[in-house]
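Asks: okay, structure incoming, though there's no sequence with it:
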Ligand code: F6R
């Protein structure tokens, strides 16, 4: 969940690090810090707050040195304090470490180190790594060997970068179940948690495999595997353009990403036919099919399941990734697990996939981040092609997931590739034109404590998605559910003026949903209809264009995303960085 960047260069690195830090801030944003080596001095500046606030106070950009690293934190162990912010220096300040992940055995390690005389300054699990490397460096005098020896003692997950006070020419790193990649530039080399950190400097990337460690200089990369043997790997070119990671003319990344969707549904529709066919074949032939994902990606998975069941007649279980290990009784050779993930780094998804493989299942994934852990662990990967998603709330990645899921289901059904994507893109552009209606809803309901979202059938996951988006961006309590479930309890909470969003496209469930709408209205609810067909039961109505039923969730999601976004802004939240959350959830 934390963001990491390190750089060894010929020139001063503070500005490069600060720029990269801002780009990975979406990964964690409760505190941040930077360390550089200048001459034989280790400098550390860090504190609580957003990167720009810390820069204001501590002037990280003025740190000298051509080797340095920086970190944005999403707290796990230890409160949000200046001391707990990374980097963490060892007691003699010979070593400093930044870390993403959780060290499960840090308490016994800390006790052992304290018994040897090490003094700790923070409450974090991370600090044990600095002290361990310090000891190993004293013994081995070799940065890479010291790093490898130290991480061997760790249990848990880590991506770390290490600076050595007497070696201004090198930096080391290591990873286990958390992302760490190398950026290869001209006379500068990077270690980072994702490509966005250095994309302005280079697009040549080496993806480190799990349990590998690395030492970089400004023009050399040395990788070692878990067996200690050297690994040779050429850089690959990553395609994400710098322009994709700026806010352009938009106030927030989230708004930019919502508005990109007419384009991104099209790019998601461009898929390699042979890969799609292999994906479809695997599902068709599987003895059992599972879909697994978390959060918004799980909602995309629910939509895929619906079509696989109903149209392809393939029995499919959808299990939240963090729970998959509890649902493996019938999993085995011949099972296929389809994993959805924007980041490809979600710890729950990675654990689910490992568990699935342990049971003999094949893993097919639908991922946005090229070269991510999930992409590399999977037997086959389809990419979302929607470019980097920086806003913490998943928006364009969700609609892209629905596009790719539909392409796969169509292939399972043996349908020729549908060419309705241009129309879909136009419909999404049309759906975006509801800003006036959305702003009116925000004006009327921004003070309400609760919102409800209901729908039926294929649309039910859209209700879940609408509620999740509103919760995470506006901090208003929201619940989503099938409309049929209301009468089994939730109706008791409906009173005069309770806003209820009802997603109700024309089609087989339309009339029944209208009956539920009447029941809600009779109990005082203010109904907000989202549909291609208006009805007088709704107090407010947002029209979305009529599209093929399989694409309806895509156009319906757009006003829900805008509602959550504008509600967030109106309530003075930062929609790009909702409290307590992080974009890439790399802890379990
Ligand atoms: C909600 C949201 C999260 C993610 C979830 C899975 O807007 O962003 O619920 O969908 O954390 O993340 P990925 O798709 O990266 O595995």
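Replies: Here it is on my side, so go on. Fair warning: this is a prediction, and the values are worked out from it, not measured in the lab.

Asks: is it true that residue 133 touches residue 88?
Replies: No: in this structure residue 133 lies outside contact range of residue 88 using C-beta atoms under 8 Å: 10.5 Å. Just so you know, the C-beta spots here come from the backbone N, C-alpha and C atoms, and that holds for glycine as well.

Asks: identify the contacts common to the two.
Replies: residue 97 (C-beta atoms under 8 Å, 6 or more residues apart in numbering).

Asks: the residue of the chain found nearest the ligand: neighbour count?
Replies: Proximity to the ligand, evaluated over the chain using C-beta to the nearest ligand atom, is greatest for residue 295 at 1.8 Å. Neighbourhood size, residue 295 [other C-beta atoms under 10 Å]: 24.

Asks: separation between it and residue 577?
Replies: Distance from residue 295 to residue 577, counting by C-beta to C-beta, to the nearest Å: 16 Å.

Asks: quick check: residues of the stretch 201-350 of the chain near the ligand?
Replies: Contact residues, the stretch 201-350 of the chain versus the ligand (C-beta under 6 Å from any ligand atom): 294-297, 341-343, 346, 349.

Asks: okay, now the nearest residue to residue 204 once chain neighbours are set aside: neighbour count?
Replies: Nearest residue to residue 204, sequence neighbours excluded (C-beta to C-beta, 6 or more residues apart in numbering): residue 235, at 3.9 Å. By other C-beta under 10 Å, the residues close to residue 235 number 15.

Asks: what is the neighbour count of residue 433?
Replies: For residue 433, the neighbour count with other C-beta under 10 Å is 14.

Asks: on the three-state scheme, residue 537 is what?
Replies: Three-state call for residue 537 (DSSP: H, G, I helix; E, B strand; the rest coil): coil.

Asks: what are the phi and psi values for it?
Replies: When read as degrees, to the nearest 10, the backbone of residue 537 gives phi -70, psi -30.

Asks: for residue 26, see how far away it is.
Replies: Applying C-beta to C-beta to residue 537 and residue 26 gives a distance of 40 Å.

Asks: now residue 249
Replies: For residue 249, the distance to residue 26 - C-beta to C-beta - is 19 Å.

Asks: of those two, who's got more company?
Replies: The neighbour comparison of residue 249 against residue 26 (other C-beta under 10 Å) goes to residue 26, with 23 against 8.

Asks: would you agree that one is in contact with residue 391?
Replies: Yes: using C-beta under 8 Å, residue 26 is in contact with residue 391, at 7.3 Å.

Asks: got the contact list for the strand or helix carrying residue 145?
Replies: Taking DSSP states H and E as the definition, residue 145 sits inside helix 143-151. Contacts to helix 143-151, defined as C-beta under 8 Å, 6+ apart, come from residues 129, 132-133, 135-137, 139-140, 158, 160, 162, 164, 167, 170-174, 176, 213-215, 222, 224, 228.

Asks: what's the average pLDDT for that helix?
Replies: The average of the pLDDT scores along helix 143-151 is 97.

Asks: mind showing which ranges of the stretch 201-350 of the chain have poor pLDDT?
Replies: Applying pLDDT under 70 to the stretch 201-350 of the chain flags the ranges 239-246, 248.

Asks: rerun that using 90 as the cut-off
Replies: 203, 207, 209, 228, 234, 236-251 (pLDDT under 90).

Asks: and the residue nearest to residue 391 when sequence neighbours are not counted, its phi and psi?
Replies: Distance criterion C-beta to C-beta, 6+ apart; nearest residue to residue 391, sequence neighbours excluded, is residue 254 at 3.4 Å. Torsion angles at residue 254 (phi, psi; degrees, to the nearest 10) stand at phi -60, psi -40.

Asks: ok, residue 254 touching residue 567?
Replies: No: judged on C-beta under 8 Å, residue 254 makes no contact with residue 567 at a distance of 11.8 Å.

Asks: between these two, who's got more neighbours?
Replies: Ranked by neighbour count (other C-beta under 10 Å), residue 254 and residue 567 place residue 254 first, with 31 against 26.

Asks: who are the neighbours in contact with residue 378?
Replies: 339, 353, 363-365, 367.

Asks: again, only this time at 10 Å
Replies: Neighbouring residues of residue 378 by C-beta atoms under 10 Å, 6 or more residues apart in numbering: 337-339, 344, 353, 357, 362-367, 372.

Asks: of the residues you listed, buried ones?
Replies: Buried members of the contacts of residue 378, scored by 16 or more other C-beta atoms under 10 Å, are 337-339, 344, 353, 362-367, 372.

Asks: what residues does this protein have near the ligand?
Replies: Proximity of the chain to the ligand (C-beta under 6 Å from any ligand atom) is limited to residues 294-297, 341-343, 346, 349, 393-394, 468, 472, 585.

Asks: let's see it at 8 Å
Replies: 293-298, 321, 340-346, 348-349, 368-369, 374, 392-395, 397-398, 468-469, 472, 581, 583-585 (C-beta under 8 Å from any ligand atom).

Asks: related to what we said a few turns ago, quick one: common contacting residues for residue 254 and residue 567?
Replies: Common neighbours of residue 254 and residue 567, using C-beta under 10 Å, 6+ apart, are 469, 473, 575.

Asks: wait, the last one touches residue 474, no?
Replies: Yes: using C-beta atoms under 10 Å, residue 575 is in contact with residue 474, at 8.6 Å.

Asks: overlap in contacts, those two.
Replies: 564-569.

Asks: what are the ranges of the strands in the stretch 151-300 of the chain?
Replies: Taking DSSP state E, counting those that start in this stretch, the strands of the stretch 151-300 of the chain run over residues 156-164, 171-176, 181-184, 188-192, 204-207, 213-217, 220-224, 230-231, 236-237, 288-293.

Asks: hmm, I typed the wrong one, I wanted the stretch 351-500 of the chain.
Replies: For the stretch 351-500 of the chain, the strands defined by DSSP E, counting those that start in this stretch cover 362-367, 380-383, 450-455, 477-482, 499-503.

Asks: of all these, which one is nearest residue 518?
Replies: Evaluated with C-beta to C-beta, these place strand 499-503 nearest to residue 518, the distance being 10.8 Å.

Asks: in the helix or strand that comes right after the closest one, what's buried?
Replies: Under the assignment DSSP H and E, the closest C-terminal helix or strand after strand 499-503 is helix 510-522. By 16+ other C-beta under 10 Å, the buried positions in helix 510-522 come out as 513-514, 516-517, 520-521.

Asks: could you give the number of residues near residue 443?
Replies: Using other C-beta under 10 Å, the number of residues around residue 443 comes to 11.

Asks: isn't it up against residue 570?
Replies: Yes: using C-beta under 10 Å, residue 443 makes contact with residue 570 at a distance of 7.8 Å.

Asks: for the residue nearest to residue 391, list the residues it contacts.
Replies: Here residue 254 is in contact with 247, 389-396, 469, 473, 561-562, 564-565, 568-569, 574-578 (C-beta under 10 Å, 6+ apart).
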